[in-house]
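1. Any chance you can model this:
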Amino acid sequence: MHICKFFYNFAPDKIRTMKNIAFLINPISGTQNKRKLPKLIRETLDHEQWLENIVFTERQGHAEELAHQFAEMGFDAVVAVGGDGTVNEVARGLRDTNTAMGILPMGSGNGFARHLDIPVRTNRAIEMLNHSEPISVDYGLANERLFVSTCGTGFDALIADQFAGSTKRGFATYLQNVLKDVLRYRPETYHLRGDGIDVTHKAFLMTFANASQWGYEAYIAPKASVQDGKMDICIMSSSALLGAPGLALRLFTKSIDNSLFMDTIRAREVWVERETASAFHIDGDPVEMEKDIHIKIVQDGLKVLVEKRF
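-> Modelled structure (predicted):
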């Protein structure tokens, strides 16, 4: 890190006009080996535009620490190289700063990257950085824990917990966990209040969506936007198993919000009262969460690199 700062401060004028970009590579995310990734980045990145710095993360939370340090050094961009968990960490380090987050999606679900139309093929995602622009997007807070895509409670949070403990990654493992537990899961009752909302639902799951999908192109909130200052609260009925085949199809055809088994409420802020301090997930990663949860959207709190629109 000190070498980077020294080089930045005393580099020739030509280099000073270039934009500084850091790549934070999570070596254990997803299923792809990342040993050759630095070489691909250096070969693909436009060096007339970017001056790169490449770092492999060493532990959980390391990407957040590094992203914060690079932002303090005035870097133009920090790229999260990994899955939704890595994206979440980098976003935590960059929120409310002028440093933009880039994404090379190399995880399992890659929900936030897919929402932003960032290519899932690594070489294409790097090429996109060469003609990208920063936009301001919202992020969410659940009891002050940041999420960029979704957070939630109920069955999807249970599966997130089991998926995190699996030795294998990928959609097949995720689906296997769903099929194993779907018939024995018992829905809970939730009370929501805030933004004119005061409702009680017995729900199979409840997702608070800043972005449109969980990942794997499964759209839990097809109309969600990361630039509207609101979340889509997606409530799947306790009787959802009666329509399970149709719901599964609707998830992948961007039409689940039209199902009789789904209710969607839009809000900036909501308080959730649960029966117990049961499972909860943040961007697909299981977390310990209190029984009652305060969830809100922070508008325009994060800058993200997306493909430039001409």
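
2. can you pull out the helices in the chain?
-> Counting by DSSP state H, the chain has helices at residues 2-10, 13-16, 37-44, 62-72, 84-94, 111-115, 122-129, 155-164, 171-181, 244-251.

3. Which parts of the stretch 151-300 of the chain are strands?
-> Here the stretch 151-300 of the chain has its strands, by DSSP state E, counting those that start in this stretch, at 188-194, 197-209, 231-237, 262-267, 269-274, 280-282, 285-287, 292-307.

4. okay, the ones you listed in JSON lines with distance to residue 29 and mean neighbour count next?
-> Just so you know, the C-beta spots here come from the backbone N, C-alpha and C atoms, and that holds for glycine as well. Formatted as JSON lines, the strands of the stretch 151-300 of the chain follow (distance: least, CB to CB, whole Å; neighbours: other CB atoms under 10 Å):
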{"stretch": "strand 188-194", "distance to residue 29": "31", "mean neighbour count": "16"}
{"stretch": "strand 197-209", "distance to residue 29": "22", "mean neighbour count": "19"}
{"stretch": "strand 231-237", "distance to residue 29": "25", "mean neighbour count": "24"}
{"stretch": "strand 262-267", "distance to residue 29": "30", "mean neighbour count": "18"}
{"stretch": "strand 269-274", "distance to residue 29": "29", "mean neighbour count": "17"}
{"stretch": "strand 280-282", "distance to residue 29": "16", "mean neighbour count": "26"}
{"stretch": "strand 285-287", "distance to residue 29": "11", "mean neighbour count": "18"}
{"stretch": "strand 292-307", "distance to residue 29": "18", "mean neighbour count": "19"}
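
5. Would you mind giving me the confidence score for residue 279?
-> Per-residue pLDDT puts residue 279 at 88.

6. Tell me the spacing between it and residue 199.
-> 21 Å (CB to CB, to the nearest Å).

7. confidence score at the closest residue to residue 87 other than its chain neighbours?
-> Leaving aside its sequence neighbours, residue 87 sits nearest to residue 80 (CB to CB, 6 or more residues apart in numbering; 4.5 Å). Looking at residue 80, its pLDDT stands at 98.

8. mind listing what residue 80 touches?
-> Neighbour list for residue 80: 24, 26, 63, 67, 86-87, 89-91, 101-104 [criterion: CB atoms under 8 Å, 6 or more residues apart in numbering].

9. same check, this time on residue 129
-> Under the criterion of CB under 8 Å, 6+ apart, the contact list for residue 129 reads 21, 45-46, 50, 77, 79, 102, 305.

10. likewise residue 34?
-> Contacts here follow CB under 8 Å, 6+ apart; on that basis residue 34 touches 25-27, 56, 81, 106.

11. now do residue 40
-> 122-123, 126.

12. Neighbour-wise, which one of those leads?
-> In terms of neighbours by other CB atoms under 10 Å, the contacts of residue 40 top out with residue 126 at 23 neighbours.

13. quick one: contacts for that one?
-> With CB under 8 Å, 6+ apart, residue 126 has these contacts: 40-41, 44-45, 104.

14. Apply the buried test to the residues you listed and list what passes.
-> The neighbour count (16 or more other CB atoms under 10 Å) marks 41, 45, 104 as buried among these.

15. any idea how far residue 132 is from the last one?
-> With the distance defined as CB to CB, residue 104 ends up 12 Å from residue 132.

16. swap in residue 209?
-> Taking CB to CB as the measure, residue 209 and residue 132 are separated by 24 Å.

17. and which of the contacts of residue 80 is nearest residue 147?
-> For these, the residue nearest residue 147 by CB to CB is residue 91; the value is 8.6 Å.

18. and the closest one, how many residues sit next to it?
-> Residue 91: 27 neighbours (other CB under 10 Å).

19. what's the closest non-adjacent residue to residue 273?
-> That would be residue 191: by CB to CB, 6+ apart, it lies 4.2 Å from residue 273.

20. thinking again about what came up before, can you lay out the contacts of residue 126 as TSV showing distance to residue 216 and pLDDT?
-> Conversion of those to TSV gives the following (distance: CB to CB, whole Å; pLDDT from 0 to 100):
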residue	distance to residue 216	pLDDT
40	24	96
41	25	97
44	26	97
45	28	97
104	18	97
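
21. Let's have the buried ones among the contacts of residue 126 in TSV, adding distance to residue 250.
-> What follows is these, written out as TSV (distance: CB to CB, whole Å):
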residue	distance to residue 250
41	38
45	39
104	30
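
22. Looking at those, which is nearest residue 157?
-> In terms of CB to CB, no member of the buried ones among the contacts of residue 126 lies closer to residue 157 than residue 104, at 26.9 Å.

23. ok, back up a step: in strands, which of the contacts of residue 129 appear?
-> 21, 50, 77, 79, 102, 305 (DSSP state E).
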